[in-house]
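Undergrad: fold the following, please.
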Amino acid sequence: MEVDTETGHVHLKDVVSTNDVGKAINPQQIQGQIEGAVVQAAGYAILENFVQKDGYVQTQHLSTYLIPTVLDVPDCVQSQILELADPRGPWGARGMAEMPFMPLAPAVIAAVHDATGVWMHEFPLTPERILKALGRI
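TA: Got it, this is the predicted structure:
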């Protein structure tokens, strides 16, 4: 991961996502699911600033709600597929859906801390939040 301390931008270089999917019936599809969930989670952790107040959405337009583009995705996503058969799943399979999604935000926050020495207490890790935490603004 890289943190530009001048602009506040965070860029994910390499992400390793390890997931126990039970029996991998279609490994290529699982790899695609992992990669998609990592990109979605990166958007959640770094870009997507969904704001609501008193139950009303304040982020009403896609022009103000940033989602990852090809320039925002990690440079490399390594999908590690563990196959520990689930005795309750069909053929030992386990549903994985967005399994890779949940651990990415805390991992990115920990990586920002390792890179800058600053703990972030709010996300997404927008450039202004990074610069504010670094005492630059």
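Undergrad: low pLDDT regions in the protein?
TA: Along the chain, no part satisfies pLDDT under 70.
Undergrad: for the helix or strand where V77 lies, name the packing helices and strands.
TA: Using DSSP states H and E, V77 maps to strand 76-82. If contacts are counted by 3 or more Cβ pairs under 8 Å, 6 or more residues apart in numbering; DSSP states H and E, strand 76-82 sits against strand 14-20, helix 27-42. Just so you know, the C-beta spots here come from the backbone N, C-alpha and C atoms, and that holds for glycine as well.
Undergrad: deepest in the core, which of these is it.
TA: Comparing those by mean neighbour count (mean count of other Cβ atoms under 10 Å), helix 27-42 ranks first with a mean of 18.
Undergrad: tilt between it and strand 14-20?
TA: Interaxial angle, helix 27-42 versus strand 14-20 (axes from the mean of the first three to the mean of the last three Cα atoms, to 10 degrees): 120 degrees.
Undergrad: after helix 27-42, which helix or strand is next?
TA: strand 52-53.
Undergrad: for the helices and strands packed on strand 76-82, which one sits closest to A111?
TA: Across these, A111 has its closest neighbour in strand 14-20 (10.0 Å, Cβ to Cβ).
Undergrad: what's in contact with the closest one?
TA: 30, 34, 37-38, 42, 74-84, 94, 96, 99-100, 104 (Cβ atoms under 8 Å, 6 or more residues apart in numbering).
Undergrad: which of the helices or strands spans P106?
TA: helix 101-116.
Undergrad: buried sites along that helix?
TA: When burial is assessed from 16 or more other Cβ atoms under 10 Å, helix 101-116 yields the following buried residues: F101, L104, A105, A107, V108, I109, A111, V112.
Undergrad: please name the nearest non-neighbouring residue to the fifth one.
TA: In space, not counting the residues next to it along the chain, V108 is nearest to A45; the distance is 4.7 Å by Cβ to Cβ, 6 or more residues apart in numbering.
Undergrad: could you count how many residues lie near that neighbour?
TA: 22 (other Cβ atoms under 10 Å).
Undergrad: check contacts around A115.
TA: M1, E2, V3.
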